[in-house]
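> With the input below, show me the fold.
(one chain, ligands or ions: 1)
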Amino acid sequence: MIRFRSAIFVCTLALLLAGGRAAPTAHAQGASSFVGEYHLQDFTLELKADGTIVLTHAPQQLGGKPNAWHGTWHVQGDTAIVRIVQASDGKPLPEPQEIRFTFVEGFPTIVGRIIPGITTNPDALTFTLGTGQRHPLVRQLNRLLAQYDYLNYKYPERNDDLYNETVRNAVANFQSSQRLSPTGAVDAHTWQALLKPIIPLPKTAPITHVQPTTTNVFIRSGPSTRAVALSKLQVGSVMDVVGKIVGATPETTWWQVCCVSDQKGWIRSDVVMVSGPTDVVPVVAPPAPPTPVPQTATKPGKPLIDHLPSHAPDGSPVAYLTFDDGPSTFTPKFLELLAQYHARGTFFVIGGSAKLHPDLVRAAATAGHYVGNHTYTHISLQGVSHETFINESELTRKTLLSEARDLFTLDGDVRYLRPPYGATDSHTRGYAAELGYQITLWDIDPMDWRRPGIEAISSHILRNVFPGAIVLMHDGGGDRSQSAAALEVVLRELSARGFMFYNIFGQ
Ligand SMILES: [Zn+2]
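Okay, here's the model as predicted:
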């Protein structure tokens with residue numbers, strides 16, 4: 001997902017130019033259309049109707065006050081000019097800072113200079129629109145999504161300004177179709193593609209669709225439960241049916257669906273609802289029998305992600321809780337809660353933070369959690385050079401190995417990589433493969449880093465969880481007290497539903 005954060009380098013006041021994006025003619029916007037909340041990296045910028053602004057950022061330490069800057073804004077032509085004049089301590093800034101943005105083809109885009117705390121990839125400087133957010137822009141987004149038959153997305157009857165999980169799924173589907181990282185959050189690149197697809201979206205008539213009946217279902221690489229799972233079709237999502245294998249029973253009848261990235265997949269017919277004509281769906285020959293899937297890793301770094309067990313041997317559903325951006329002063333609370341519920345999870349740590357808190361890395365590993373790689377400086381792995389990729393991933397790996405190798409009993413190494421913001425490209429995915437890293441994304445993103453409230457975080461997870469789901473949360477990069485409190489609710493509720501909690505190694 002595209003969200004932006006500089007966990008390590010917050011607080012430097014860096015002046016950076018928003019990278020390279022020219023500002024074509026913006027549509028005329030009245031001042032009122034700028035009123036609202038905008039997310040930029042780890043910051044929230046609120047433009048109030050009275051002409052004042054608040055820019056907030058998460059505090060780095062437990063009990064710290066949120067960093068907040070104050071100032072004013074006004075509109076000049078098509079551009080909102082935001083002047084930040086006062087720091088969180090109430091003192092005037094030595095030099096007032098300015099953010100200028102305008103709606104470029106309907107999306108807020110920085111056109112001037114930008115302050116504080118952002119020393120990472122200037123290309124990453126963009127506003128985002130994501131889960132939990134209410135904004136008039138979501139209406140525009142809904143209109144854009146609904147115009148593509150391919151997405152089978154309907155303009156919502158209610159709450160058309162709310163970015164909910166259905167919107168997120170549609171955005172992620174669209175991003176996949178455009179070979180963008182399927183983050184489910186809208187940034188300027190995604191918006192541009194929505195206006196003018198990079199890859200033309202096929203029409204889908206005559207259309208036969210499938211959607212899950214009650215729960216999320218696996219899309220497999222072949223018509224058998226032994227075939228590798230390519231992805232999961234989530235409740236509320238639909239896919240096109242492009243072929244079928246007719247078996248003697250619903251369990252042996254399979255629909256072929258299009259597409260998971262470039263691949264066609266298979267879904268068992270008894271777990272989905274079919275709409276549209278089925279007689280137009282061609283019968284296709286089954287692919288070659290799948291090779292049996294090993295149940296455990298055979299060598300270090302052997303990816304299990306595609307076939308993580310969705311259930312424990314006793315039939316209990318399994319959830320995979322993952323925690324990014326630590327270790328931090330909040331991590332002990334997470335460890336304590338996991339221990340209390342006999343839960344195992346996975347910590348994707350930032351190498352630089354691991355160096356500062358080796359004790360927490362060791363505590364996590366000792367407790368049976370898996371410790372994975374989240375780069376050294378929380379850099380976006382989209383568009384980085386081979387050298388940067390190696391530095392960021394290998395430095396983190398070496399740091400973790402030097403601090404806690406004796407405790408890494410799971411694979412004796414650190415071969416699982418979660419790219420910050422979920423961002424990769426075809427080159428960096430190649431680099432990852434070459435170095436033996438398994439890229440690990442997620443199924444459920446409650447956007448806890450935006451601190452939408454304990455209830456919003458926990459209910460998002462509880463509503464969307466399914467057996468085998470990988471859940472993304474954060475134990476670092478800011479004030480994570482909401483995430484910790486939500487984790488407690490999630491562990492309690494899911495335990496009551498019979499869930500077990502494994503690390504990404506399936507243990
Ligand atoms: Zn992160």
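
> what about residue 96, how many residues close to it?
With neighbours defined by other C-beta atoms under 10 Å, the count for residue 96 comes to 13. From N, CA and C alone the C-beta is placed, and that goes for glycine too.

> swap in residue 76?
9.

> Next one: it from residue 421, what distance?
As for residue 76, its distance to residue 421 is 32 Å (criterion: C-beta to C-beta, to the nearest Å).

> Does residue 175 belong to a helix, a strand or coil?
Here residue 175 is recorded as helix under DSSP: H, G, I helix; E, B strand; the rest coil.

> you'd agree it is up against residue 187?
No. Counting by C-beta atoms under 8 Å, residue 175 does not reach residue 187; the two are 9.9 Å apart.

> So for those two, which sits in the more crowded spot?
More crowded of residue 175 and residue 187, by other C-beta under 10 Å: residue 187, with 27 against 23.

> For that one, which residues are in contact?
2, 126, 127, 128, 129 (C-beta atoms under 8 Å, 6 or more residues apart in numbering).

> want to throw these into a markdown table with distance to residue 324?
Output for these, formatted as a markdown table (distance: C-beta to C-beta, whole Å):
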| residue | distance to residue 324 |
| --- | --- |
| 2 | 14 |
| 126 | 20 |
| 127 | 21 |
| 128 | 16 |
| 129 | 21 |
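
> Which parts of the stretch 151-300 of the chain are strands?
Here the stretch 151-300 of the chain has its strands, by DSSP state E, counting those that start in this stretch, at 209-212, 217-220, 229-233, 239-245, 254-260, 263-268, 272-275.

> Any chance of a markdown table for the ones you listed, columns mean neighbour count?
Formatted as a markdown table, the strands of the stretch 151-300 of the chain follow (neighbours: other C-beta atoms under 10 Å):
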| stretch | mean neighbour count |
| --- | --- |
| strand 209-212 | 20 |
| strand 217-220 | 22 |
| strand 229-233 | 20 |
| strand 239-245 | 20 |
| strand 254-260 | 21 |
| strand 263-268 | 20 |
| strand 272-275 | 15 |
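
> among these, which is nearest the ion?
Comparing these against the ion with C-beta to the ion, the closest turns out to be strand 229-233 (21.9 Å).

> what pLDDT, on average, does the closest one get?
Strand 229-233 shows a mean pLDDT of 72.

> Likewise for stretch 366-385?
Mean pLDDT, computed over stretch 366-385, is 92.

> how about that stretch, does it get close to the ion?
No. Residues of stretch 366-385 contacting the ion under C-beta under 5 Å from the ion: none, with a closest distance of 5.6 Å.

> got the buried residues for that stretch?
Neighbour-count burial for stretch 366-385 flags 367-382, 384 (criterion: 16 or more other C-beta atoms under 10 Å).

> how does the chain divide up, domain by domain?
Domain ranges of the chain: 1-128, 209-275, 305-501, per automatic domain parsing.

> among those, which is the most enclosed?
Highest mean neighbour count among the domains of the chain (mean count of other C-beta atoms under 10 Å): domain 305-501, with a mean of 20.

> picking that back up, looking at the domains of the chain, which one has the lowest mean pLDDT?
Considering the domains of the chain one by one, the lowest average pLDDT is found for domain 1-128, at a mean of 66.

> Now residue 361: which helix or strand?
In the assignment (DSSP states H and E), residue 361 maps to helix 358-366.

> Downstream of the longest helix seen in the chain, the next helix or strand is which one?
In the chain, ranked by residue count with DSSP state H as the criterion, the top helix is helix 386-404. Downstream of helix 386-404, the next assigned helix or strand under DSSP H and E is strand 416-417.

> That next one: what's the following helix or strand?
As assigned by DSSP H and E, the chain's next helix or strand after strand 416-417 is helix 426-434.

> List of residues touching that following helix?
Under the criterion C-beta under 8 Å, 6+ apart, residues 179, 381-384, 386, 389-390, 393, 417, 419, 424, 438-439 lie in contact with helix 426-434.

> Next, the angle from it to helix 386-404.
Using axes from the mean of the first three to the mean of the last three C-alpha atoms, to 10 degrees, the direction of helix 426-434 lies 40 degrees away from that of helix 386-404.

> How far does the helix or strand following helix 426-434 sit from its chain's centre?
Next helix or strand after helix 426-434 toward the C-terminus (DSSP H and E): strand 438-439. Centroid separation for strand 438-439 versus its chain: 15 Å, with C-alpha atoms, centre = their mean, to the nearest Å.

> Direction included, what does strand 438-439 pair against?
Paired neighbours of strand 438-439 in the sheet (DSSP bridges): strand 416-417 (parallel).

> Does the partner strand reach the ion?
No. Judged by C-beta under 5 Å from the ion, strand 416-417 and the ion are separated, with a smallest distance of 11.7 Å.

> Mind listing residues that contact that strand?
So strand 416-417 is contacted by 305, 346, 348, 370, 372-375, 393, 432, 437-440, 504 (C-beta under 8 Å, 6+ apart).

> One more pass at 6 Å, please.
If you take C-beta atoms under 6 Å, 6 or more residues apart in numbering as the criterion, strand 416-417 is touched by 372, 373, 432, 437, 438, 439, 440, 504.

> Pick out the most distant pair among the residues you listed.
Farthest-apart pair in these is 432 and 504; separation 15.3 Å (C-beta to C-beta).

> any idea which strand is longest in the protein?
The longest strand of the chain (DSSP state E) is strand 92-104.

> can you pull the contacts of residue 311?
If a contact means C-beta under 6 Å, 6+ apart, then residue 311 has 317, 467 as its contacts.

> And stretch 75-82, end to end?
The separation between the terminal residues of stretch 75-82, taken as C-alpha to C-alpha, to the nearest Å, is 9 Å.

> Show me how far that stretch is from its chain's centre.
So, by C-alpha atoms, centre = their mean, the centroid of stretch 75-82 is 31 Å from its chain's centroid.
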